[in-house]
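Colleague: below: sequence and its predicted model.
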Amino acid sequence: MKRDFADFWNLLWEAALGVCAAFALLNAFAPHQDLPWKPLDLSHPIGQATAAKVADFELSRASAAEDVTATTDACMQVLREAGVTVERAEDRDDGGFCIVRGAVRITGGAVTPLSPGGLVMQCPLAVRYVLWDRQVLQPAAEEILGSRVARVENYGSYACRRIYNSDKPQDRPSEHARANALDIAAVRLEDGRTVSLTEDWTGEGRNGREAGDFLHRIRDGACRVFSTVLTPDYNEAHRDHLHLDGAPRGLCA
């Protein structure tokens, strides 16, 4: 009986050592972006754990004021460590579902400028934009179009409204009502060309098939970063822009 008990504990000890060794190897050699316990680093490629790390900065409507501050400060620190200049934006309450808490404003640094700039957006959305810019947008522009992107033209982030500007109470609030969505209309390249959703999505515009390939590439990449990505293929309401948001639900269309 004593021998059986001793053998059991020896086996348990060896198993524990094996688990510790496996964890050490995983921690040392697995890609940083695939390990959920590693901090988010915006210089790394998009990995298996990236979405979960960004989601750690999400806020609920019920979050206490001190939690809003602490979570947003931590999120802003990730952006600053990535060389992005960012400032806290004022909370706003326009009534009903139009409440923005813990939002930020990107003011410069190592990120492609938005035009117009000064947009107020949820901090996790800002993180997603920087990831998309670095890991998807700029590499695709250089590979397909042979030029870097100088600025990203957009239709804004915050708007107190329901989806599709509906006035029907049964329609859900837009993510824009939380400053949790960004609408991309076009990109201006450093070589002077403008590639727009309106003219180039089908690849039949003046910029040719390459422009359409580029727009579809950045859409596909956005689906790895944002939870919802809507394009001209989705419906008429999105004929002229990419809708990118961080909603709890997911859709790439």
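Modeller: Structure's in. What do you need?
Colleague: and the helices in the stretch 1-150 of the chain?
Modeller: Assigned by DSSP state H, counting those that start in this stretch, the stretch 1-150 of the chain shows helices spanning 2-29, 50-55, 65-81, 123-132, 138-140.
Colleague: check which helices and strands the second one sits against.
Modeller: Contact here means 3 or more C-beta pairs under 8 Å, 6 or more residues apart in numbering; DSSP states H and E; on that basis helix 50-55 packs against helix 123-132. C-betas here are computed from N, CA, C, even on glycine.
Colleague: try the fourth one
Modeller: Applying 3+ C-beta pairs under 8 Å, 6+ apart, one finds that helix 123-132 contacts helix 50-55, helix 65-81, strand 84-88, strand 103-109, strand 181-189, helix 208-222, strand 242-245.
Colleague: repeat the analysis, applying 6 Å as the threshold.
Modeller: Applying 3 or more C-beta pairs under 6 Å, 6 or more residues apart in numbering; DSSP states H and E, we find helix 123-132 packed against strand 103-109.
Colleague: so what's the nearest residue to residue 141 once chain neighbours are set aside up against?
Modeller: Take residue 141 and drop its neighbours on the chain: the residue closest to it by C-beta to C-beta, 6 or more residues apart in numbering is residue 149, 4.9 Å away. Each residue near residue 149 by C-beta atoms under 6 Å, 6 or more residues apart in numbering is listed here: 112, 137-138, 141, 187, 189.
Colleague: check residue 241 too.
Modeller: 155, 183-185, 197.
Colleague: could you redo the last one with a cut-off of 10 Å?
Modeller: Applying C-beta atoms under 10 Å, 6 or more residues apart in numbering to residue 241 gives the contacts 153-155, 182-186, 196-198, 201, 230-232.
Colleague: highest neighbour count among those residues?
Modeller: For the contacts of residue 241, neighbours were counted using other C-beta atoms under 10 Å, and residue 182 has the most, 29 neighbours in all.
Colleague: quick revisit: tell me the one of the contacts of residue 149 nearest residue 221?
Modeller: residue 137 (7.5 Å; C-beta to C-beta).
Colleague: pretty sure that closest one contacts residue 144?
Modeller: No. Look at residue 137 against residue 144 with C-beta atoms under 10 Å: they stay out of range, at 11.1 Å.
Colleague: which neighbours do those two share?
Modeller: Contacts common to residue 137 and residue 144, judged by C-beta under 10 Å, 6+ apart, are 214, 217-218.
Colleague: re the thing from before, out of the contacts of residue 241, which comes closest to residue 102?
Modeller: Nearest member of the contacts of residue 241 to residue 102, counting by C-beta to C-beta, is residue 182, at 16.2 Å.
Colleague: what about that closest one, distance to residue 206?
Modeller: Residue 182 sits 26 Å away from residue 206, going by C-beta to C-beta, to the nearest Å.
Colleague: how about the residue nearest in space to the middle of the chain, what does it touch?
Modeller: Nearest residue to the geometric centre of the chain (C-alpha atoms, centre = their mean): residue 128, 2.0 Å. By C-beta under 10 Å, 6+ apart, residue 128 lies in contact with 50-51, 54, 121-122, 180, 182, 222, 225-227, 244-246.
Colleague: residue 212 now?
Modeller: 144, 195, 199-205.
Colleague: again, 6 Å this time
Modeller: Counting by C-beta under 6 Å, 6+ apart, residue 212 has contacts 200, 202-203.
Colleague: find me the pLDDT at it, would you?
Modeller: Per-residue pLDDT puts residue 212 at 98.
Colleague: please name the nearest non-neighbouring residue to it.
Modeller: Of all residues not flanking residue 212 in the chain, residue 203 sits nearest, at 2.6 Å (C-beta to C-beta, 6+ apart).
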